[in-house]
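**Student:** Task: produce atomic coordinates for the following.
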Amino acid sequence: MFVYICCAGGMSSSLFCIRMVTALNEMYPALKVTSAHLDTVMSKETTYRDKYDLILVYGGVDVISPENAFELNQFIDVILIAPQVAYLLPLKQVVLKEYPIIVKLIDKKIFGTMAGVRASSDLLDELVDLDLERSYLSAAMIETKNADKNIELLLTGLDRKGDVAKQLVHSFESMGLRVVQEKYGLENLYQFQPQGDYDIRLLFGYNHMLSIEDMPKVSRRIDGLIYLESPLENPKIDWLQDYQIPLLKLNRQQHYGKPFDFSTIQAFLLTVAQRSEMISETYVAKFEAAPPEKQRHHFLGILSWEV
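**Tutor:** Next up, the predicted model:
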């Protein structure tokens with residue numbers, strides 16, 4: 001079980017985790033417990049999962065953001081927020097509302113005293129309850145907008161106010177599609193609050209704004225790429241192709257001042273829609289499957305139950 005205990009910067013949560021590990025090891029010698037910084041755990045997740053029963057992960061609360069939500073959900077079971085940043089709890093719960101991660105405040109008595117045996121015992125009781133809650137939440141989770149979202153297209157090398165971009169937007173609108181235009185940014189990509197309904201979201205950016213480290217996060221949101229043909233090779237296009245993101249290459253001279261070929265645009269949108277639906281079906285199938293037979297679960301070798 002991975003428990004992320006976070007404070008403002010990670011200092012007090014690291015001290016808390018160290019004390020809890022010491023106390024738990026004394027109280028429950030058979031229980032394999034350790035603590036480590038979030039970055040360390042993320043880079044060696046499999047090692048920690050195979051070696052320990054309980055991993056207390058510490059770090060700052062700011063890491064809980066829309067662009068990091070997917071990664072956190074891959075291994076974090078419970079997030080406990082320190083009392084000094086309690087005011088951030090509602091915001092962080094919203095960030096993770098589409099994932100089965102329990103996000104709660106850590107009890108003031110447990111965190112404030114940091115008294116080894118008493119605090120560790122109370123913490124363990126709390127984690128048992130939260131693990132049960134998370135099991136229920138995971139089973140009850142329904143399809144979310146993460147897997148069923150409107151089309152989002154990244155446009156690189158295109159001036160948002162330029163003629164080619166205007167012609168492209170006009171083509172979409174001529175098809176009866178509602179278009180939203182924005183500047184690309186990784187944070188903006190995830191933290192999006194539309195003012196109304198839309199069909200296509202166009203994010204205008206440039207090649208220098210893309211990095212190889214961000215590709216996994218970009219690929220989970222971007223459905224297609226539209227870019228201007230260039231005489232220079234652009235290796236970043238290959239990054240997107242590696243994630244099988246549909247591409248549409250434009251020629252500035254060919255499209256300047258001229259309407260786009262509807263058949264080309266329609267074919268591209270069809271490819272984009274098919275890819276998006278295929279990815280969604282992966283998620284949908286998980287929720288449409290018949291409920292599994294009841295199985296006995298064990299928590300930390302201390303408690304077992306049947307669900």
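**Student:** Could you use CA atoms for every contact and neighbour count after this?
**Tutor:** Noted.
**Student:** does Val41 count as helix, strand or coil?
**Tutor:** What DSSP: H, G, I helix; E, B strand; the rest coil gives for Val41 is helix.
**Student:** what's the neighbour count on the residue lying closest to Asp53 once chain neighbours are set aside?
**Tutor:** Spatially, and ignoring its direct neighbours in sequence, Asp53 is nearest to Lys32 (5.1 Å; Cα to Cα, 6 or more residues apart in numbering). Neighbour count for Lys32, taken as other Cα atoms under 10 Å: 16.
**Student:** so who does Lys32 touch?
**Tutor:** Applying Cα atoms under 8 Å, 6 or more residues apart in numbering to Lys32 gives the contacts 25, 51-54.
**Student:** which among the residues you listed end up buried?
**Tutor:** Buried by 16 or more other Cα atoms under 10 Å: 52-54, out of the contacts of Lys32.
**Student:** which stretch of helix or strand covers Pro216?
**Tutor:** helix 215-221 (DSSP states H and E).
**Student:** in the stretch 101-250 of the chain, which ranges drop under the pLDDT threshold?
**Tutor:** The stretch 101-250 of the chain contains residues with pLDDT under 70 at 113-122, 130-149, 231-233.
**Student:** hang on, the earlier thing: could I get the buried residue list for the helix holding Pro216?
**Tutor:** Within helix 215-221, the residues that count as buried by 16+ other Cα under 10 Å are 215, 217-221.
**Student:** Tell me the helix or strand right after it.
**Tutor:** Using DSSP H and E, the helix or strand that follows helix 215-221 in sequence is strand 224-228.
**Student:** Which strands and helices lie in contact with the very next helix or strand once past that following strand?
**Tutor:** Using DSSP H and E, the helix or strand that follows strand 224-228 in sequence is helix 235-242. For helix 235-242, the helices and strands in contact under the criterion 3 or more Cα pairs under 8 Å, 6 or more residues apart in numbering; DSSP states H and E are helix 215-221.
**Student:** and the helix it packs on, what other elements does it pack with?
**Tutor:** Packed against helix 215-221, as judged by 3+ Cα pairs under 8 Å, 6+ apart, are the following elements: helix 186-190, helix 235-242.
**Student:** Can you show me the CA trace of that helix as CSV?
**Tutor:** Coordinates of each C-alpha in helix 215-221 appear next as CSV, following Å, rounded to 0.1, in the frame of the first residue of the first chain:
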residue,chain,number,x,y,z
MET,A,215,4.9,13.3,-24.2
PRO,A,216,3.1,10.8,-22.0
LYS,A,217,1.0,13.6,-20.5
VAL,A,218,0.4,15.3,-23.8
SER,A,219,-0.6,12.0,-25.5
ARG,A,220,-3.3,11.3,-22.9
ARG,A,221,-5.1,14.6,-23.8
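**Student:** Now do the end-to-end distance for stretch 213-230.
**Tutor:** The straight-line separation of the ends of stretch 213-230 (Cα to Cα, to the nearest Å) is 24 Å.
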